[in-house]
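Peer 1: okay, sequence plus prediction incoming.
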There are 2 protein chains.
Amino acid sequence: MSGEPSETLCSAPPVNLEAQWVVGFVDGEGCFFIGINPHPDMSSGYQVLPEFTVVQHQRDVQLLYALKKFFGCGVVRTNHAERMAFRVRRLEHLSTIIVPFFEKHPLKSKKRVDFLSFRKVLRCMEQGEHLKAEGIDKIRAIASRMNTGRERESPSPPETE
Amino acid sequence: MSGEPSETLCSAPPVNLEAQWVVGFVDGEGCFFIGINPHPDMSSGYQVLPEFTVVQHQRDVQLLYALKKFFGCGVVRTNHAERMAFRVRRLEHLSTIIVPFFEKHPLKSKKRVDFLSFRKVLRCMEQGEHLKAEGIDKIRAIASRMNTGRERESPSPPETE
């Protein structure tokens, strides 16, 4: 459409999303990831970092802000190069917002299997299992079966929300 | 979920899709592409091949069949390696099914701009412009502005539906 106005990253009007659009977009572009990093201050020796991420080229950053608005949590940050990420890391937000949403509106792709593993790890963490070495082994076993069979979005470095 | 049955590519039950899910998934994974290939039998010297494609890892091939069922047109074919594609190439199906769907349910990503260019090329073709050299130049100019700023799904070799 030749009359289509050119949109800049910041001046675009907010986009309102519907639940099924979010499910379809996350089926395509979302990632449920469990980071397990050595951490001397943790009683188990490791820090477990669950993360829900949607990465996009910066030209569609308005969709990442729309997801942030839709879920009412998370941050939008540079991922790498020209790619931006919507990211939820806070355990409370993952457990009370992200997980219930995808329980109510199930993913249709095999990413659903990753989501179920992700939820299992969150439940382990709610029980404090990540604070013990055996819990870390259990979480590591669950995480090792996630995000197989497709390209994995590389998670960005640790940062608080 | 440890009790989740393992699903094979063929035995999975058909997935029913909602329009907004399709829009979200295509915003993430879809591609509107105009191929322009030299062709000695065409009066313009070129063949114009518009194509709507969604590519997925074969583990999610059931979603491509669900798209084929949802639109009631197109084919599911191997793309390359372990990737499969849902593809619509027939001009009649693009003009009467795919374009009206995305007019009624607009894409939310910048892929919408590619869709509008794609529609413009289809309209040129409906007027027979692709049969003249000037029409090819016009279509080439429109196509050259499409699919910029992101990875492009490489279209598979020509084949009838």
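Peer 2: All right, it came through fine. Being a predicted model, the structure only gives us computed values, none of them experimental. Residues are numbered from 1 along each chain as shown, chains lettered A, B, ... in the order given.
Peer 1: so the residue nearest the centre of chain A, which of the three states?
Peer 2: The residue lying closest to the centre of chain A (CA atoms, centre = their mean) is A:Phe52, at 1.0 Å. The three-state assignment at A:Phe52 reads strand, by DSSP: H, G, I helix; E, B strand; the rest coil.
Peer 1: neighbours of the closest residue to it other than its chain neighbours, just the number please.
Peer 2: In this structure, A:Phe52 finds its nearest non-sequential neighbour in A:Val88, 4.5 Å apart by CB to CB, 6 or more residues apart in numbering or on different chains. For glycine as for every other residue, the C-beta is placed from the backbone atoms N, C-alpha and C. For A:Val88, the number of neighbouring residues by other CB atoms under 10 Å in any protein chain shown comes to 21.
Peer 1: doesn't A:Leu94 make contact with A:Val88?
Peer 2: Yes. Look at A:Val88 against A:Leu94 with CB atoms under 8 Å: they come within range, at 5.8 Å.
Peer 1: now for these two: what residues contact both?
Peer 2: A:Phe52 (CB atoms under 8 Å, 6 or more residues apart in numbering or on different chains).
Peer 1: and the residue nearest to A:Gly45 when sequence neighbours are not counted, how many neighbours?
Peer 2: Distances taken as CB to CB, 6+ apart put A:Pro38 closest to A:Gly45, at 6.5 Å, once the chain neighbours are dropped. Close neighbours of A:Pro38, defined as other CB under 10 Å, add up to 8.
Peer 1: and A:Pro38, what are its bridge partners?
Peer 2: Assessed by DSSP bridges, A:Pro38 has beta-bridge partners A:Tyr46.
Peer 1: show me the contacts for it.
Peer 2: So A:Pro38 contacts A:45-47 (CB under 8 Å, 6+ apart).
Peer 1: picking up where we left off before, which residues touch the residue nearest to the centre of chain A?
Peer 2: Shown in contact with A:Phe52 (CB under 8 Å, 6+ apart): A:30-33, A:74, A:87-88, A:94, A:98, A:118.
Peer 1: hmm, 7 Å instead?
Peer 2: A:32, A:88, A:94, A:98 (CB atoms under 7 Å, 6 or more residues apart in numbering or on different chains).
Peer 1: highest neighbour count among the residues you listed?
Peer 2: A:Phe32 (27 neighbours).
Peer 1: redo the contacts of A:Phe52 as a markdown table? Include pLDDT and secondary structure.
Peer 2: Shown next, in a markdown table, are those (pLDDT from 0 to 100; DSSP: H, G, I helix; E, B strand; the rest coil):
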| residue | pLDDT | secondary structure |
| --- | --- | --- |
| A:Phe32 | 97 | strand |
| A:Val88 | 98 | strand |
| A:Leu94 | 98 | helix |
| A:Ile98 | 98 | helix |
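Peer 1: nearest to chain B, of the residues you listed?
Peer 2: Nearest to chain B among the contacts of A:Phe52 is A:Phe32, at 13.8 Å by CB to the nearest CB.
Peer 1: what's the following helix or strand after the helix or strand where A:Glu103 lies?
Peer 2: Counting by DSSP states H and E, the element that carries A:Glu103 is helix A:99-104. As assigned by DSSP H and E, the chain's next helix or strand after helix A:99-104 is helix A:111-126.
Peer 1: quick check: residues of chain A near chain B?
Peer 2: With CB under 7 Å from any CB of the partner chain as the criterion, chain A meets chain B at residues A:1, A:4, A:15, A:18, A:20-25, A:27-29, A:57, A:59-60, A:63, A:108-110, A:113, A:116, A:149-150.
Peer 1: so which of the residues you listed belong to helices?
Peer 2: Mapping the residues of chain A next to chain B onto helices (DSSP state H) picks out A:20-25, A:27-29, A:63, A:113, A:116.
Peer 1: which among these count as buried?
Peer 2: A:20-25, A:27-29, A:63, A:113, A:116 (16 or more other CB atoms under 10 Å in any protein chain shown).
Peer 1: okay, these in CSV with pLDDT next?
Peer 2: Conversion of those to CSV gives the following (pLDDT from 0 to 100):
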residue, pLDDT
A:Gln20, 98
A:Trp21, 98
A:Val22, 98
A:Val23, 98
A:Gly24, 98
A:Phe25, 98
A:Asp27, 97
A:Gly28, 96
A:Glu29, 96
A:Leu63, 97
A:Val113, 96
A:Leu116, 97
